[in-house]
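Student: Got a predicted structure here, sequence first:
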Amino acid sequence: MYHNIRDALNKGDSNPENVGKATILQASFTGSKRYMNQYFKDAMAIFRTLGHPSLFLTMTPNTKWPEIQSMLKFLPGVDVVDAPDVIVRVFKMKVDQLLDQIKNKNCFGRCIGEFQKCGFPHALMLIWLHPNDRPKTTEQIDKMVSAEISDPSIDPVGYEAVKNYMIHGPCGTDCVKSPCMFKGRCIKHFPKRYNSHTYFDECGFLIYKRRKTGITVKKKGIDLDNRLTKSTGSFRQCWNKEKQIRSMRKRGDVIGRLAEVHSSSGEQLYLRMLLLKIKGTVCFDDLKTVNGHVYNSFHEACDTLGILQNDQQWHEAIDENAHTSMPPQLRAMFVNILVYSPISHPRSLWEAH
């Protein structure tokens, strides 16, 4: 099947039945160009509104989870790789539990926003914490993230979790045939160096504390220590303080795709105007608040702030999207401006861009 007649003729095929037509995938099609373009715009808008994220979390499923193993007992003769429906459902429940701990129970502090890039077999999340709850010192970071094996005499559950899920290797000279080995080196950069404390290197990269504690786990007959551990979130302390945290004041909106939160094309334009003009906000209500009054729409907030008195804001909106949007999207945006705005010189706006 050819996309057009020219392709067919170039191949020497004159049969019109073999000529197809080009199909533009909708933005709802995961992974398409329009899908990625919309998520990129939303991510940039969130960054302008909330600033840099406080935490980056990665969650991956593990076939050794007891929920998955217990379900496989009802499927005799079925290997775990042949049961993706079980893995996906358990993983989805685990992700929902993690988000509940972060957003509703304030596990790491008051959450004012989150952005997800989900999909099997992993979920990547950016978390924004309230400015008063963001970790600012290495001591505060150590309370949230650990790169050390738990002491089995103090935290046996944590020790087993790290042993089963958070140990890399063995690799290097202990196992030269490990899948992570390439040209005699581990592509994951293990083993790490011992560090007496957490610090930032000269490039601003965080180096976690990895002390030589003498605590090891045995894997494939080899004792592995803190140099082979992966970083984990310290949720146990958060769960123990759940009752105290629940009484804390929660503030903010959970930010997903902007188009899903505000479906009106006009409101989308006014939202982008506010994002260009207002800095330091932590939620959508902040953008709609003028002199202490929360307006019902972004349009009303823009009108009250007086940023719709001339055509300059529409020029800025098109300039902002000119480097990331396709011509059809820019034309659609121009039409929306004409419909939802009192622009005085639409022809000059189009010719300028």
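Tutor: Perfect, I can see it now.
Student: If residue 224 is in a bridge, with which residues?
Tutor: residue 217 (DSSP bridges).
Student: gap between it and residue 140?
Tutor: According to Cβ to Cβ, to the nearest Å, residue 224 and residue 140 sit 28 Å apart. From N, CA and C alone the C-beta is placed, and that goes for glycine too.
Student: Compare the two and say which one has the larger neighbour count.
Tutor: residue 224 (22 against 14; other Cβ atoms under 10 Å).
Student: so what's the more buried one scoring on pLDDT?
Tutor: In this model, residue 224 is scored at 93, pLDDT.
Student: ok now do it, which residues does it touch?
Tutor: Applying Cβ atoms under 8 Å, 6 or more residues apart in numbering to residue 224 gives the contacts 167, 169, 170, 216, 217, 218.
Student: and those as a markdown table, adding neighbour count?
Tutor: Putting the contacts of residue 224 into a markdown table (neighbours: other Cβ atoms under 10 Å) gives the following:
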| residue | neighbour count |
| --- | --- |
| 167 | 20 |
| 169 | 20 |
| 170 | 18 |
| 216 | 15 |
| 217 | 19 |
| 218 | 10 |
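Student: and of those, the nearest to residue 67?
Tutor: Nearest to residue 67 out of these is residue 167 (Cβ to Cβ; 21.5 Å).
Student: burial count for residue 42?
Tutor: Neighbours of residue 42 under the rule other Cβ under 10 Å: 18.
Student: And it, how close does it get to residue 278?
Tutor: In terms of Cβ to Cβ, residue 42 sits 17 Å off from residue 278.
Student: Spatially, which residue comes closest to residue 147, not counting chain neighbours?
Tutor: What sits nearest to residue 147 in space, not counting adjacent residues and going by Cβ to Cβ, 6 or more residues apart in numbering, is residue 208, at 3.8 Å.
Student: Torsion angles phi and psi at that neighbour?
Tutor: phi -80, psi 160 (degrees, to the nearest 10).
Student: swap in residue 83?
Tutor: Residue torsions, per degrees, to the nearest 10, at residue 83 are phi -130, psi 60.
Student: Report pLDDT for it.
Tutor: Per the predicted model, pLDDT is 86 at residue 83.
Student: Could you do the one 3 residues further on as well?
Tutor: At residue 86, the predicted lDDT confidence score is 86.
Student: ok, it touching residue 72?
Tutor: Yes: using Cβ atoms under 8 Å, residue 86 makes contact with residue 72 at a distance of 7.0 Å.
Student: Next, show the common contact partners of these two.
Tutor: residue 80.
Student: the more surrounded of those two?
Tutor: Using other Cβ under 10 Å, the more surrounded residue of residue 86 and residue 72 is residue 86, with 20 against 17.
Student: how would you label residue 95: helix, strand or coil?
Tutor: helix (DSSP: H, G, I helix; E, B strand; the rest coil).
Student: Can you classify the closest residue to it other than its chain neighbours by secondary structure?
Tutor: Nearest residue to residue 95, sequence neighbours excluded (Cβ to Cβ, 6+ apart): residue 123, at 5.4 Å. Secondary structure assignment for residue 123 (three-state DSSP): strand.
Student: cool, and residue 134?
Tutor: Assignment for residue 134 (three-state DSSP): coil.
Student: Tell me the pLDDT of it.
Tutor: 88.
Student: measure it to residue 75 for me?
Tutor: The value you get for residue 134 to residue 75, if Cβ to Cβ is used, is 45 Å.
Student: Cool, thanks, talk later.
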